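[1] what follows is a predicted structure for the sequence shown.
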Amino acid sequence: MTSDVVAQSASYGTLPWETMVHGTKDPNNVDREGPTDIVRAPASVEGFRLLVLLPSGDGGNTMQPGEVPLPEVGELVLGRGEDCAVPIGDASVSRQHAVLLVSNGNFRIRDLESRNGIFVRGRRLEASETVEIGPGEAVDLGRVTVLIQRRSSESPRRNVPTIAPPPASSSGEDAAFVVCDPAMLRLHDLVRRVAVRDINVLLLGETGVGKEVVAEAVHRYSRRADGPLVRVNCAQYNPQLLESELFGHEQGAFTGATRAKAGVFEAAQGGTLFLDEIGELPISAQVKLLRVIEERRIRRVGGTESRELDIRLVTATHRDLKAESQNGQFRRDLYFRLSGVTIPIPPLRERPSEIVPLAKMFAARFAAPEPAPELTDSAQQALLGYPWPGNVRELRNAVEQAVALSDGAILPEHLRLEQAPPSSSPSSSSSSWGGVSPPSSSPSSTPLRGQMQSLERQRIVDALERSNGNQSRAAELLGMPRRTLVDKLRRYNIPRPRSGGD
Ligand SMILES: Nc1ncnc2c1ncn2[C@@H]1O[C@H](COP(=O)(O)OP(=O)(O)OP(=O)(O)O)[C@@H](O)[C@H]1O
């Protein structure tokens, strides 16, 4: 059952791994369970190691085989030359590119007048310049990324970014994606395990949290990775067009159907179909979808012939589909079919350790081919103090704008966070509880205070959605007394739920 699987995923937290790198080929250190290799750091060995991530053909990274354990004290030359302590097999790396200076857990890297340079925190080092680097910090040598990682099972896993290759992208975005929050690392481990089975996957999360990124990961790690990944946003069509888009139609099926057309189910044959915003599916389409899933056959609108289907279905929504299936807004039998495994993706504000690594990655992406502007400490503080109602997408947009406005260094004002509407999350605007804006008298003497209030309001709205309007349950989820919740509903002008109440 769905809930069992979710609970099971939570227990993965005890796995003795430090980090994972997708799509890697390390013959010494490979979990061979699925078609995509996952490299696990040995859990019991103390010390640090160096990961070398080579650019792969698909625009992502592949880990160079062979682990490089780091000495307690020493100097290691990194370069293309075979005589280097860390030989790196990539043409963008100079024969002697850099030297890594290791001293009891402190690390510095020096440029050896390399042709393509060393980039640390988005800045290209001067020739022969030396800078300090920390474990988990990505350092670029030409097109290659190197990372220092702790090898102890006792080590903290936070702040250890994982750079993964982009899933075979339908969105056309070509950068690696960042995963370093422990919950997200567990989530990706679950994704990998689930992906090798043909089970339907339901992704839950606010807008912009990365549901599509995860859907693409499911596809990429599955045996269907060579097949198509087809994505449809169910919210973008009117009911008739949606059915035709999903199931296809025969010529003359309705006015305007001048020729037969295959639907996305057929287009996804042999691959994965990602139905985004599944909560928006009209009831009539829900009935048809249920039949398709049960029969594993498809019949076009207006057609008589049925075709066999071989697809994996991934669906996503920002709504509480379980609650909606309980109160009749969404078909319960369809909900159970879709939620073979349910994967909730936490909002960005609940994984703050990813904010700065994501921002740096976006800065590098949007600045390319120029070096990324430095993300100043004050800009990092501003990023960390903002609630990100639009999640990773909003962060990406803010950094893209900041890169355009900045001149070598991103400052808080380049991010323009105070101008972003703090409660603009579509999940709140489409919510039954959050439709009313905070009262204009809502105190907001400083941007930070306003942001905190907006974050609190958003959390209350989310909790009410999750608890289907049950205020006691929502208060429990929020960890506050029910009376306090009722006070806050009044203060933030959130309508008190009538149905599902307690
Ligand atoms: N971990 C990540 N690393 C890098 N980029 C990410 C990550 N997560 C999300 N993104 C980027 O953030 C943006 C939003 O992600 P995505 O479209 O997957 O969100 P979503 O939850 O599907 O949004 P919506 O609900 O609006 O469809 C995309 O540009 C995506 O590439």
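    Structure received.
[2] show me what from this protein comes close to the ligand.
    Contact residues of the chain with respect to the ligand, defined by C-beta under 6 Å from any ligand atom, are listed as 173, 177-179, 205, 207-213, 276, 318, 358, 392-393, 396. Where C-beta positions appear, they are placed from N, C-alpha and C, glycine not excepted.
[3] give me the number of residues near the residue nearest to residue 376 when sequence neighbours are not counted?
    Excluding the flanking residues, the one nearest residue 376 by C-beta to C-beta, 6 or more residues apart in numbering is residue 409, at 5.3 Å. Residue 409 sits with 14 neighbouring residues when counted by other C-beta atoms under 10 Å.
[4] same question for residue 335.
    Neighbours around residue 335, by other C-beta under 10 Å: 22.
[5] name the helices or strands packed onto the helix or strand harbouring it?
    Taking DSSP states H and E as the definition, residue 335 sits inside helix 332-338. On a contact count with 3 or more C-beta pairs under 8 Å, 6 or more residues apart in numbering; DSSP states H and E, helix 332-338 meets helix 283-295, helix 321-326.
[6] most tightly packed of these?
    Across the helices and strands packed on helix 332-338, averaging neighbours per residue (mean count of other C-beta atoms under 10 Å) puts helix 321-326 on top, at a mean of 18.
[7] helices or strands up against that one?
    In terms of contact count using 3+ C-beta pairs under 8 Å, 6+ apart, helix 321-326 is assigned the packing partners helix 332-338.
[8] now the helix it packs on, how far from the centre of its chain.
    Here helix 332-338 shows a centroid-to-chain-centroid distance of 25 Å under the convention C-alpha atoms, centre = their mean, to the nearest Å.
[9] pairing partners for the next helix or strand after it, with directions?
    With elements assigned by DSSP H and E, the helix or strand that comes after helix 332-338 is strand 341-344. Using DSSP bridges, strand 341-344 pairs in its sheet with strand 201-204 (parallel).
[10] alpha carbons of the partner strand, as CSV, please.
    The C-alpha atoms that make up strand 201-204 are tabulated as CSV, following Å, rounded to 0.1, in the frame of the first residue of the first chain:
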residue,chain,number,x,y,z
VAL,A,201,4.8,6.8,-9.1
LEU,A,202,3.0,9.8,-7.6
LEU,A,203,5.1,12.8,-6.9
LEU,A,204,3.7,15.4,-4.4
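[11] what's that strand in contact with?
    Outside strand 201-204, the residues within contact range by C-beta atoms under 8 Å, 6 or more residues apart in numbering are 2, 194, 211, 214-215, 218, 278, 312-318, 320-321, 338-345.
[12] if we go to 6 Å?
    The set of residues external to strand 201-204 that reach it, using C-beta atoms under 6 Å, 6 or more residues apart in numbering, is 211, 214, 218, 314-316, 338-339, 341-344.
[13] gap between that strand and the chain center?
    How far strand 201-204 lies from its chain's middle: 13 Å, per C-alpha atoms, centre = their mean.
[14] tell me the pLDDT of the residue at the greatest distance from the centre of the chain.
    Counting by C-alpha atoms, centre = their mean, the extreme residue of the chain relative to its mean C-alpha position is residue 252, 42.1 Å from that point. What the model reports as pLDDT for residue 252 is 82.
[15] swap in the one 4 residues further on?
    According to the model's per-residue confidence, residue 256 sits at a pLDDT of 76.
[16] before we move on, the earlier item: can I get the helices and strands packed on helix 332-338 in a markdown table including mean pLDDT?
    Written out in a markdown table, the entries for those read as follows (pLDDT from 0 to 100):
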| stretch | mean pLDDT |
| --- | --- |
| helix 283-295 | 94 |
| helix 321-326 | 93 |
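[17] any of the contacts of strand 201-204 buried? List them.
    Members of the contacts of strand 201-204 that pass the buried threshold by neighbour count (16 or more other C-beta atoms under 10 Å) are listed as 211, 214, 218, 314-316, 338-339, 341-343.
[18] brilliant, that's me finished.
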